[in-house]
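Engineer: Coordinates for the following, if possible.
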Amino acid sequence: MKNAVNDEVWSGSWVAERLGVELMGDDGLPALLGLALRRNPKRAHLLVSNVLGKHVPQSPAVVYDYGYRLGRRVFALLGEAEAAGAVVLGYAETATGLGHAVADGVGTAPYLHSTRRPVAGVARAGGFEESHSHATSHLLLPEDPELLSGQGPLVLVDDEFSTGNTVLNTIRALHERYPRGRYVVVALVDMRSPEDAARMERFATEIGARVDLIAAASGVVRLPSDVLEKGQQLVAHHESAGCGSVVVARAVPRATGVPSLDLHWPVGLPDGGRHGFTPAHRARLEAALPAMAGRIRDALPPGARRVLVLGFEELMYAPLRLAHELEQVADAEVRFSTTTRSPVLAVDDPGYAIRTRMVFPAHDDPADGPGERYAYNVAGGGFDAVVAVVDSVADTPALHAPDGLLARLAAHTPHVLLAVVPSYVPHAPERPAMLPEPLRGPAFSSYAPEEVGWLLQDLSDVTLEAPTEEREEAIQSGGAHYAESLPVEYQPSEQYQELFHTALDASTARLAQAVGVVTEAVIAERSPRPVLVSLARAGTPVGILMRRWARFRHGLDLPHYAVSIVRGRGIDAGALRWLAAHHDPQDVVFVDGWTGKGAITRELAQAVEEFEKAEGISGFDPEIAVLADPGSCVRTYGTREDFLIPSACLNSTVSGLISRTVLRADLVGPDDFHGAKFYRELAGADVSVAFLDAVSACFSEVAGTVDEAVKELMAEDRTPTWAGWRAVERISEEYGIHDVNLVKPGVGETTRVLLRRVPWKILARKGAGADLDHVRLLAEQRGVPVEEVGELPYSCVGLIHPQYTRGATGADGRAVNV
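Structural biologist: Numbers count the residues shown, from 1 in each chain. Sure, this is the predicted structure:
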């Protein structure tokens with residue numbers, strides 16, 4: 001077979017003839033691909049790209065142009081609107097530069113490539129396996145943990161698309177964590193079989209996403225059944241025979257001092273996409289390229305006519321762009337390729353893609369230990385000078401050793417230059433502990449991962465539950481804070497579960513309207529793209545419903561997180577620091593289910609003020625947005641009626657199976673997130689998603705009434721009157737309690753008293769109807785009297801037993817009547 005471009009011998013003919021391999025497809029395939037034999041027991045052959053800039057030195061303009069034009073095709077496929085939300089992900093190590101060029105072609109897309117180099121202090125955002133590779137584990141280490149969590153298209157870039165296994169593994173791993181509706185797979189060549197193509201289509205249907213494919217060329221590789229065995233035999237034969245090309249590549253290095261060139265790399269500019277590379281980074285790089293390429297040109301020896309810029313493993317994009325710029329300013333033929341960890345047999349034959357192999361030890365202290373590294377088709381390439389470009393992590397004694405890369409290059413090239421690009425390390429936090437990324441379902445909570453990110457730490461393996469009476473005695477005696485332990489989760493009876501479902505059926509439309517009203521108020525008055533931050537855990541279902549409404553009505557995918565706030569101790573400062581690092585604090589809107597007397601509203605305002613003074617971070621608005629504000633404590637609400645929000649009827653089983661939050665010094669350090677537990681064992685009783693779906697199903701029904709209600713809301717004087725707080729103070733004195741913290745007003749708070757604390761009595765407003773059915777049932781089960789009163793701003797008020805001791809209950813643990 002001839003090369004379709006220049007009529008030379010095709011660089012895959014040697015393998016094709018000996019293994020019976022056939023390359024079939026587009027006419028341009030032979031110009032793009034050659035064949036070689038892998039020194040790999042998993043796969044016999046290697047498709048060697050002529051335009052990738054990895055194994056075959058190539059014009060950097062050709063290498064960059066292939067990736068850039070593929071990126072323009074992605075842009076045309078997605079359209080401007082979708083392209084604006086896209087993220088491009090390239091595969092280590094061969095496609096890191098290609099993916100970068102694709103991102104450049106898309107134009108507005110940030111870029112990230114997988115890596116096999118762990119970086120201390122950088123949280124792992126994901127990983128996946130490459131089934132046929134010699135080194136399989138890929139890490140995703142973005143500096144911005146939210147880079148992959150958006151809803152826009154994810155563009156996955158690899159040099160070849162052979163079976164589709166790598167892409168399937170990637171999408172499967174990422175879709176579980178960061179689900180989205182569209183993926184675009186980009187490769188230089190698509191070599192899938194019809195069966196593999198059908199498998200990809202089935203997979204896309206299974207996950208409910210669209211998967212498109214863009215390639216420069218396509219075809220198939222026909223492999224005989226015994227190809228692996230034959231390939232291994234060929235490799236063994238040629239290596240035992242001492243192939244001449246290998247001997248040449250291992251020529252004895254000559255003593256030389258390799259000069260190091262200072263590129264004046266821009267300070268703080270990432271060296272590539274290992275931790276993310278944005279269009280702003282690209283603009284900085286392109287502004288600096290002419291001067292950096294000029295320094296390389298000026299350092300070349302006089303008369304150098306053929307120059308190789310040699311990148312280093314995953315570091316492909318920076319040396320490619322330098323080579324591309326050098327090609328334009330130097331009076332020389334410039335070529336580009338990179339070193340690799342991929343072991344390939346070298347055969348000095350024009351019909352074989354890898355003519356020479358240069359072998360040297362790894363020089364970047366790899367996580368998987370020492371090993372050989374390779375540079376192909378460099379020895380014997382006729383280069384007058386080689387510019388080796390490495391990152392600073394790889395500028396080690398091993399690089400400069402007598403058997404190192406520089407010495408190997410010096411043995412085959414008259415002139416070698418070393419250019420070191422500073423290895424980019426994401427900004428290290430000043431605090432001793434880096435806050436981790438948010439917890440998400442299904443690993444933590446029964447909610448879908450996109451519904452909420454929990455800024456908490458998982459304490460599921462810690463025993464924190466204590467009997468209700470023990471907790472109450474410790475809390476009221478001052479021996480413990482309520483956030484230092486957890487109540488035993490209330491297991492609802494069948495009768496109570498029926499009551500919950502009845503209440504849900506009766507209130508879904510009213511709930512849906514309140515969700516719509518408060519969400520529209522937030523978008524209109526607080527931020528057009530708010531960052532919802534719910535107060536765990538009662539606020540979290542409300543935050544999810546608000547997020548769903550924003551998507552239903554406005555097509556917005558709003559970020560939503562859950563944070564901990566503890567009465568008397570304030571909001572989780574670590575969570576606020578995390579939010580400030582990832583979002584504009586002015587866009588943050590705190591969300592809760594309802595207001596009682598307004599204690600948490602006041603707590604949040606004080607905590608935010610203290611945080612701003614201590615951290616020097618401003619912009620957080622402490623006003624809470626709630627579904628119901630019967631206490632008249634806030635300006636942003638769905639209603640001021642005190643009605644039953646069914647999520648208040650249950651504990652974790654309507655809140656994603658998450659416990660209330662925990663703050664205890666021996667478990668939570670000063671720089672840690674507060675904690676919580678995930679009650680996986682209660683999955684059989686979980687109605688969390690059913691509750692959300694029931695309310696969301698009413699959105700279309702209430703859309704019209706929401707519009708009218710929002711108009712009315714905007715016209716009202718919503719200044720908080722704090723009427724609820726005054727009523728609580730009055731009740732505390734009238735009933736001889738003398739502690740407002742033991743008076744819990746409203747349906748939601750009363751329910752919590754009955755489920756978690758030791759109740760004394762319940763005050764119910766005369767004429768309150770079905771909204772209190774579950775309260776009456778719980779009170780009956782716990783032997784708590786219900787007292788009807790005339791003037792009450794709430795439907796009901798729960799009173800916690802004052803000055804509680806074990807003696808205040810009978811032997812059955814029920815509250816006594818005082």
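Engineer: where in the stretch 151-300 of the chain is pLDDT low?
Structural biologist: 241-256 (pLDDT under 70).
Engineer: now the helices for it?
Structural biologist: Using DSSP state H, counting those that start in this stretch, the helices of the stretch 151-300 of the chain run over residues 165-177, 194-207, 227-240, 244-249, 279-299.
Engineer: closest one to L754 among these?
Structural biologist: When the helices of the stretch 151-300 of the chain are compared by CB to CB, helix 165-177 sits nearest L754, at 37.7 Å. Every C-beta, even on glycine, is put in place using the N, C-alpha and C of the backbone.
Engineer: residues of that closest one that come out buried?
Structural biologist: Residues 166-171, 173-175, 177 are the ones in helix 165-177 that count as buried (16 or more other CB atoms under 10 Å).
Engineer: Redo these as JSON lines? Include distance to Q491.
Structural biologist: Formatted as JSON lines, the buried residues of helix 165-177 follow (distance: CB to CB, whole Å):
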{"residue": "T166", "distance to Q491": "46"}
{"residue": "V167", "distance to Q491": "45"}
{"residue": "L168", "distance to Q491": "41"}
{"residue": "N169", "distance to Q491": "40"}
{"residue": "T170", "distance to Q491": "41"}
{"residue": "I171", "distance to Q491": "39"}
{"residue": "A173", "distance to Q491": "36"}
{"residue": "L174", "distance to Q491": "37"}
{"residue": "H175", "distance to Q491": "34"}
{"residue": "R177", "distance to Q491": "31"}
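Engineer: Name the nearest of those residues relative to A379.
Structural biologist: T166 (30.5 Å).
Engineer: longest strand of the protein?
Structural biologist: strand 210-222 (DSSP state E).
Engineer: Now do that one: distance to the chain's middle.
Structural biologist: 28 Å (CA atoms, centre = their mean, to the nearest Å).
Engineer: Do a quick rundown of the helices in the stretch 401-550 of the chain.
Structural biologist: With DSSP H, counting those that start in this stretch as the criterion, the stretch 401-550 of the chain has helices spanning 405-410, 468-477, 494-525, 539-554.
Engineer: Could you tell me the least trusted of the ones you listed?
Structural biologist: Across the helices of the stretch 401-550 of the chain, helix 468-477 has the smallest mean pLDDT, namely a mean of 48.
Engineer: Which of the helices and strands in the protein ranks last by mean pLDDT?
Structural biologist: helix 244-249 (a mean of 42; mean pLDDT, DSSP states H and E).
Engineer: thinking again about what came up before, so which of the buried residues of helix 165-177 comes closest to V387?
Structural biologist: Out of those, the member with the shortest distance to V387 (by CB to CB) is T166, at 31.4 Å.
Engineer: mind checking how far the closest one is from C633?
Structural biologist: 54 Å (CB to CB, to the nearest Å).
Engineer: same question, L234
Structural biologist: In terms of CB to CB, L234 sits 79 Å off from C633.
Engineer: In its sheet, which strands sit next to the strand or helix carrying A562, and in what direction?
Structural biologist: For A562, the enclosing helix or strand under DSSP states H and E is strand 560-563. Using DSSP bridges, the strands paired with strand 560-563 in its sheet are strand 453-454 (parallel), strand 531-535 (parallel).
Engineer: so which pair among the buried residues of helix 165-177 is furthest apart in space?
Structural biologist: T166 and R177 (17.4 Å).
Engineer: In JSON lines: the strands paired with strand 560-563, plus distance to D65, mean pLDDT and mean neighbour count.
Structural biologist: Shown next, in JSON lines, are the strands paired with strand 560-563 (distance: least, CB to CB, whole Å; pLDDT from 0 to 100; neighbours: other CB atoms under 10 Å):
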{"stretch": "strand 453-454", "distance to D65": "40", "mean pLDDT": "95", "mean neighbour count": "26"}
{"stretch": "strand 531-535", "distance to D65": "40", "mean pLDDT": "94", "mean neighbour count": "25"}
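Engineer: now the ones you listed as CSV including distance to V186?
Structural biologist: Below are the strands paired with strand 560-563 laid out as CSV (distance: least, CB to CB, whole Å):
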stretch, distance to V186
strand 453-454, 29
strand 531-535, 31
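Engineer: And these: which comes nearest P279?
Structural biologist: Among the strands paired with strand 560-563, strand 531-535 sits nearest to P279 (CB to CB), with 22.5 Å.
Engineer: Give me the residues contacting the closest one.
Structural biologist: For strand 531-535, the external contacting residues (CB atoms under 8 Å, 6 or more residues apart in numbering) are 452, 540, 542-544, 546-547, 558-565, 579, 583-584, 587-592, 600, 604, 624.
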